[in-house]
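Visitor: What shape does this take:
(2 chains)
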Amino acid sequence: MPEREVKLTIGPQHPMLKEPESFLLTLRGEKITDMTVRLGYNHRGIEKACEGRTYIQDMYLVERVCGICSHSHSTCFIQAVEEIAGLQVPKRGLYIRTLISELERIHSHLLWLGVAGHEIGFDTLLMYTWRDRELVMDILALLTGNRVNYGMNTIGGVRRDITAEQIPQILSTIDTLEERTKYYVQVGTQEITLRERLSGVGKLSKEDAIHLGAVGPTARASGVNRDVRHDDPYAVYGELSFNVITDDHSDVYGRTLVRLGELMEAYKLVRQILKQMPEGPIVVKAPRKIPAGQAISRYEAPRGEDVHYVKANGSDKPERVKVRAPTLANVQVVAHMLKDGYLADTPIVIAAIDPCFSCTDRAIATTNIDNGRTDRMDWPTLRTYGIDWYSKQGIDFAELNRKLRTMRESN
Amino acid sequence: MFRPGKMTSQVLRSLFKKPATSMYPFVKKPMPKDFRGKLRFYQERCIGCKMCMRDCPSGAITIRPVGEKKFVAEIDLAKCLYCAQCVDTCPKKALEATPDFELAQLEHGKLKIVLGEDAGKDTKTETK
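Guide: Now for the predicted structure:
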């Protein structure tokens, strides 16, 4: 009997996924011939919500775009705001910002290593990496006062200074973690089950990585030497020396090695930052009203390049905030990587980009099913369209509006 | 050198070690001194400028006058993000974050707390 194509919907709610998102796989036997990602299930309307809040409130809202790389999003947003306002952040403030961002990278990569282990049934790795991750989480709680959404940034600098007593604590934790990561590098390079399971899975050639616009460890594992920290240094990365880790395995195994290498680089960076950190103020006073202007800010989050666009109109609220989370750049790559792969590899290939779907689900794309056009509608047209659509279903808003009015009047 | 079971020795050694987890809630890990938990309110310092209300990202705090130049802070613990922006904003340092993080309640109504002495109600202070 000839094999026929089977369409398989995965998600939005599916045990394979750590976050809800919908994928449509086309299968021929066990092989995947096509895959579509249907974004939108997690849409939270953060960008719109930003427009209705002041810059200080937005700082905490933007921080909650992502639960793992919260510092990345808040720094990226604040860099754009500071550029518009023309604020010169003190050196010490920038150093502390960079320190937190590197500690965040450590916790994010250790978390990914555990998740990757879990997705391939290597739960021992999950247990040990997550145990070690607690050490860096404790340091973050010590420095910032929170374990996840640190709230360390403020417009014009950082909110908390680092005291002399905290430095030995950070250094000893970093030593322990470096020791542990060396062991994980050994596990990664010597454990044959890990290598065999991950090699050749989710292949992405260098050309495709550039063509599809992959970012972060996903691109670097395909040999693309691309890192915002190195290419367009922000904060104090220009004063620090570090290597951009690349690998030419071009598969999930390569992505594991890149992340392990980046962990080792992050420990080096943390030591450098603590050594070079100058004395002085940590924050400059920022105005509540930001002058009119616009700025784009780039930031190398643990998952890749994060881009924020902020447009200010002279009031204390931004006119427009646009967030391009790293996963949005990488999610198209997943569809390419899964092609001609096996169904059983789907969980690890999706997990290998370290996806964060709620960060990504921000754009709305509409396609008119009658003519296939993807025109955008302005608010009044959308409203009229909505009312028309409902009246065709037999729901009349005029009647409901009248009822609402009488209810209000009677109150 | 490639071999399977690289982590076996680690796992076996861990059998004879203390668990990495602690027996919460019987054993409590102290939070760092500067941890951002439940707020503390110094009623005598509050001047009722309501700057904290203006800056709160989630609208969790309400400053309500209860008498002549006397205010109470109503906090919705369910809405609070524990970012402590109000602590930074307050010009008179009337608010402070405490390391108290065990704030779960079985009833939603109990999450709304009033900090400071309320003239109209029971004079019990909830500032702890």
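
Visitor: where do the strands sit along the stretch 51-200 of chain A?
Guide: According to DSSP state E, counting those that start in this stretch, the stretch 51-200 of chain A carries its strands in the segments A:153-154, A:157-158.

Visitor: my guess is A:N330 meets A:R303, correct?
Guide: Yes. In this structure A:N330 lies within contact range of A:R303 using C-beta atoms under 8 Å: 7.4 Å. For glycine as for every other residue, the C-beta is placed from the backbone atoms N, C-alpha and C.

Visitor: Just the pLDDT for A:K18.
Guide: pLDDT for A:K18: 84.

Visitor: actually A:S70, not the one I typed
Guide: For A:S70, the predicted pLDDT is 92.

Visitor: Distance check, it against chain B.
Guide: Distance of A:S70 to chain B, given as C-beta to the nearest C-beta, to the nearest Å: 11 Å.

Visitor: can you tell me which residues contact that residue?
Guide: A:63-64, A:104, A:148-150 (C-beta atoms under 8 Å, 6 or more residues apart in numbering or on different chains).

Visitor: ok, so of these, who is nearest A:T9?
Guide: Distance to A:T9 across the contacts of A:S70 (C-beta to C-beta) is lowest for A:R64, with 29.2 Å.

Visitor: show me the contacts for the closest one.
Guide: A:46, A:70, A:149, B:81.

Visitor: between these, which has the most around it?
Guide: In terms of neighbours by other C-beta atoms under 10 Å in any protein chain shown, the contacts of A:R64 top out with A:S70 at 24 neighbours.

Visitor: related to what we said a few turns ago, need the max-distance pair from the contacts of A:S70.
Guide: A:R64 and A:E104 (14.4 Å).

Visitor: and the contacts of A:S70 as a markdown table, adding pLDDT and distance to A:G216?
Guide: Compiled in a markdown table, these are given as follows (pLDDT from 0 to 100; distance: C-beta to C-beta, whole Å):
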| residue | pLDDT | distance to A:G216 |
| --- | --- | --- |
| A:E63 | 93 | 20 |
| A:R64 | 91 | 21 |
| A:E104 | 95 | 14 |
| A:V148 | 88 | 20 |
| A:N149 | 90 | 21 |
| A:Y150 | 91 | 21 |
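
Visitor: now, which of these lie within helices?
Guide: Of the positions in the contacts of A:S70, A:63, A:104 sit in helices, assigned by DSSP state H.

Visitor: longest helix of chain B?
Guide: Chain B, longest helix under DSSP H: helix B:8-14.

Visitor: and that one with chain A, contact?
Guide: Yes. Contact of helix B:8-14 with chain A (C-beta under 8 Å from any C-beta of the partner chain) involves B:10-11.

Visitor: So what touches the helix or strand just after that helix?
Guide: Later in the chain than helix B:8-14, the nearest helix or strand by DSSP states H and E is strand B:39-41. Residues external to strand B:39-41 that are found in contact with it (C-beta under 8 Å, 6+ apart): B:61, B:72-73, B:75, B:80, B:84, B:86-87, B:94-98, B:115-116, B:127-128.

Visitor: Would you write a ChimeraX line that selects the buried entries of those?
Guide: Here is the ChimeraX command that picks out the buried ones among the contacts of strand B:39-41, judged by 16 or more other C-beta atoms under 10 Å in any protein chain shown:
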select /B:61,72,73,75,80,84,86,87,94,95,97,115,116
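
Visitor: which of the contacts of strand B:39-41 are close to chain A?
Guide: Answer for these near chain A (C-beta under 8 Å from any C-beta): B:84, B:97.

Visitor: Surely B:K38 touches B:E96?
Guide: No. In this structure, B:K38 is not within contact of B:E96 by C-beta under 8 Å, at 10.0 Å.

Visitor: Turn the contacts of A:R64 into TSV, including distance to A:G93.
Guide: Output for the contacts of A:R64, formatted as TSV (distance: C-beta to C-beta, whole Å):
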residue	distance to A:G93
A:I46	26
A:S70	18
A:N149	19
B:L81	22
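
Visitor: Between those, which sits nearest A:D251?
Guide: So of those, ranked by how close each gets to A:D251 (C-beta to C-beta), first place is A:S70, at 29.5 Å.

Visitor: Give me the below-cutoff pLDDT ranges for the chain.
Guide: Defaulting to chain A. Within chain A, the stretches with pLDDT under 70 are A:1-2, A:362-366, A:376.

Visitor: Sorry, I should have been clearer: chain B.
Guide: Counting by pLDDT under 70, chain B has low-confidence residues at B:1-2, B:119-128.

Visitor: So which bits of it are right by chain A?
Guide: Within chain B, the positions near chain A by C-beta under 8 Å from any C-beta are B:1-7, B:10-11, B:20, B:31-32, B:34-36, B:54-57, B:81-85, B:88-89, B:97.

Visitor: Narrow these to those that are buried.
Guide: Buried members of the residues of chain B next to chain A, counted by 16+ other C-beta under 10 Å: B:6-7, B:31-32, B:34-36, B:55-57, B:81-85, B:88-89, B:97.

Visitor: Tell me who's in contact with residue 21.
Guide: All of this is about chain A. In this structure, A:E21 makes contact with A:11-12, A:37-39, A:41-42, A:355, A:357, A:361, judged by C-beta under 8 Å, 6+ apart.

Visitor: ok, now with 7 Å
Guide: With contact set as C-beta atoms under 7 Å, 6 or more residues apart in numbering or on different chains, A:E21 has these partners: A:11-12, A:41-42, A:357.

Visitor: Flag every residue of the stretch 251-400 of chain A that's near chain B.
Guide: Counting by C-beta under 7 Å from any C-beta of the partner chain, no residue of the stretch 251-400 of chain A lies close to chain B.

Visitor: rerun at 10 Å
Guide: Contacts of the stretch 251-400 of chain A with chain B, taken as C-beta under 10 Å from any C-beta of the partner chain, map to A:283, A:288, A:316.

Visitor: which of the residues you listed are buried?
Guide: Neighbour counting with 16+ other C-beta under 10 Å marks A:V283 as buried within those.

Visitor: closest to B:P25 among the residues of the stretch 251-400 of chain A next to chain B?
Guide: Checking these one by one against B:P25 (C-beta to C-beta), the nearest turns out to be A:V283, at 37.6 Å.

Visitor: thought the closest one was touching A:G93?
Guide: Yes. Look at A:V283 against A:G93 with C-beta atoms under 10 Å: they come within range, at 5.7 Å.

Visitor: my guess is A:L274 is in a strand, correct?
Guide: No. Applying DSSP: H, G, I helix; E, B strand; the rest coil, one finds A:L274 to be helix, outside a strand.
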